[in-house]
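Predicted model and sequence follow; I will ask about them next.
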Amino acid sequence: MAVEPLSQKEIEDRLAELPGWSLDAGRLTRSYRLASHFAATALVIHVAQVQEELNHHSELTLGYHTVSLAVHTHSAGGAVTELDFELARRVEDLAPGHGAN
Ligand SMILES: C[C@H](O)[C@H](O)[C@H]1CNC2=NC(N)=NC(=O)C2=N1
C-alpha cells in the first residue's frame, strides 16, 4: 500500500465517506460510545487485532464507555496516508457489531 502523504483535498474527499471521523492535529480521529466499560474494552481488543493484522497502529484510548482513535503514518513523517484510511474503514466496518456509535 502506498505511503505517500495525501493532499488536503484527498483527505477531505475520503473523510466525506467516513461519517464521525475528522482530521485533528494532523491525525484521523474518531470516538465511539459503547453501552458499558466491558463493551468498550472488547472493542479495544478487536481494534488491536485489526491493527496487528494491518501492521498499522493508532493511539487507541479506552475511556469509561468510550473508545477513541487517533492515527497518522509514522513512516510518512506523521502525514496522513491511505494506510490510515484503510484502518479507519476497517474499524468503521467492525464497530456496529459492538453496538458502537
Ligand atoms: C516496523 C513496523 O512495521 C512499523 O513500525 C509500523 C508499525 N505500525 C505503524 N503504525 C502507524 N500508524 N504508522 C506506521 O508507520 C507504522 N509502522
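That came through fine.

any idea which helix or strand carries the residue most central in space within the chain?
For the chain, the residue nearest the mean C-alpha position is A88 (4.0 Å; C-alpha atoms, centre = their mean). In the assignment (DSSP states H and E), A88 maps to helix 82-94.

Check which helices and strands that helix is in contact with.
Applying 3 or more C-beta pairs under 8 Å, 6 or more residues apart in numbering; DSSP states H and E, we find helix 82-94 packed against strand 27-33, helix 37-54, strand 66-71. (Each C-beta comes from the backbone N, C-alpha and C, glycine too.)

go with 6 Å
In terms of contacts (3 or more C-beta pairs under 6 Å, 6 or more residues apart in numbering; DSSP states H and E), helix 82-94 is packed against helix 37-54.

and the next element down the chain from the helix it packs on?
With DSSP H and E, the next secondary element past helix 37-54 is strand 59-62.

any bit of that following strand sitting next to the ligand?
No - Strand 59-62 does not reach the ligand (C-beta under 6 Å from any ligand atom); its nearest approach is 8.7 Å.
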